[in-house]
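Participant: Predicted model and sequence below, questions to follow.
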Amino acid sequence: MKRIFLLLSGMMLLFFGCAGDVTCATDDDCEYWQECNQEGVCVVAKGYCNSEADCNDTLKTCVNHECTYKVGKCKADADCQSWQVCVDNNCVAGVGFCGSDSQCDEEFEYCDLSTHKCSPKPGNCYSDLNCEAWEFCDTEAKVCRPIEGRCNGDADCESWQSCSLKTHRCVANSGFCINDEGCYSYARCDQETHKCVARQGYCIEDNECGSWEYCYSKTHKCTPSRGRCGSDFDCGSWEYCDSQNYCRAVVGRCNADEDCPAGEVCDETTHYCR
């Protein structure tokens, strides 16, 4: 019985190879990174690896069964990325390039990882090209500033203006104007107060008229109140305008009985005393 067990064990070893190994007849029986050795076992082929130890190089590790330099490790510039050079077996940023913000002027620059170059932070600049279309570069301060008449916020405008973030232009607040275009046809823009005021011959409020007038909202012109006048033309054909701006009946005509001699009454249709 013992002899039979030993015989079977020997046959299994011959057929399957050593425990954990894969037996083979040719390289085609192995993985792409293996070869079939003389003992009929698949082993790591030359130029490939199955573990970091197979690389026999402290700078390399095994990735997809190939020995590859560990991240940031190198022996020559060609082992690094295009923006790096090899220094003491380490890939570092070359002259004019960066790998992190700390390699830039952190006050106004950051490392643009798409180009690996130091670029101005938003709002900072080297030239006008780094600013928005409505800005210029203050090269001394390295800051983008809005050109005259444009803005990035209300602080860039006059106290009576606010900044439109759609156009980046200063616009007049409600009740104010920049020029006559911001006023109705009966008004103009006062350049000292930047408010719309009535043009000559027009009005906006009653207090812009005489005490005997009001501002007619349809025409924005001062119009005599009922019974008041500025000239005879504001009165009826039977009236004249007195010095107090009241329409008074001329002699022989009337507006009320008291304008007639004693015993007569005023015909309010004809304005004659009868």
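Facilitator: Sure thing, it's come through.

Participant: where does this structure dip in pLDDT?
Facilitator: Along the chain, segments meeting pLDDT under 70 span 1-20.

Participant: gap between the most centrally placed residue in it and W134?
Facilitator: Closest residue to the average C-alpha location of the chain: L165 at 7.2 Å, with Cα atoms, centre = their mean. As judged by Cβ to Cβ, to the nearest Å, L165 and W134 stand 11 Å apart. All C-beta spots, glycine's among them, are computed from the backbone N, C-alpha and C.

Participant: likewise E208?
Facilitator: For E208, the distance to W134 - Cβ to Cβ - is 39 Å.

Participant: same thing with R188?
Facilitator: Distance from R188 to W134, counting by Cβ to Cβ: 29 Å.

Participant: do G201 as well
Facilitator: G201 sits at a distance of 40 Å from W134 (criterion: Cβ to Cβ).

Participant: These two: who's more crowded?
Facilitator: Between G201 and W134, counted using other Cβ atoms under 10 Å, W134 has the larger neighbour count: 15 against 9.

Participant: Which residues are in contact with that one?
Facilitator: W134 makes contacts with 146-147, 150-151, 168-169, as judged by Cβ atoms under 8 Å, 6 or more residues apart in numbering.

Participant: Kindly recompute the last result at 10 Å.
Facilitator: Counting by Cβ atoms under 10 Å, 6 or more residues apart in numbering, W134 touches 144, 146-147, 149-152, 167-169.

Participant: Just grab the bridge partners of the residue nearest to it when sequence neighbours are not counted for me.
Facilitator: Distance criterion Cβ to Cβ, 6 or more residues apart in numbering; nearest residue to W134, sequence neighbours excluded, is R150 at 3.9 Å. On the basis of DSSP bridges, R150 is bridged to R169.

Participant: Same check on C273?
Facilitator: So, taking DSSP bridges as the rule, C273 has C266 as bridge partners.

Participant: Run through the residues that contact it.
Facilitator: By Cβ under 10 Å, 6+ apart, the neighbours of C273 are 249, 252-254, 257, 259-261, 263-267.

Participant: what do you get if the cut-off is 7 Å, keeping everything else the same?
Facilitator: 254, 260-261, 264, 266 (Cβ atoms under 7 Å, 6 or more residues apart in numbering).

Participant: State the distance from it to C125.
Facilitator: Distance from C273 to C125, by Cβ to Cβ: 89 Å.

Participant: and T223, which of the three is it?
Facilitator: Of the three states, T223 takes strand under DSSP: H, G, I helix; E, B strand; the rest coil.

Participant: quick one, phi psi at the nearest residue to it once chain neighbours are set aside?
Facilitator: In this structure, T223 finds its nearest non-sequential neighbour in Y216, 4.2 Å apart by Cβ to Cβ, 6+ apart. Main-chain torsions, Y216, degrees, to the nearest 10: phi -80, psi 120.

Participant: Tell me the spacing between Y216 and E205.
Facilitator: Taken as Cβ to Cβ, the span from Y216 to E205 is 12 Å.

Participant: Please narrow the contacts of C273 to those residing in strands.
Facilitator: Here DSSP state E is the test, and the contacts of C273 give C266 as lying in strands.
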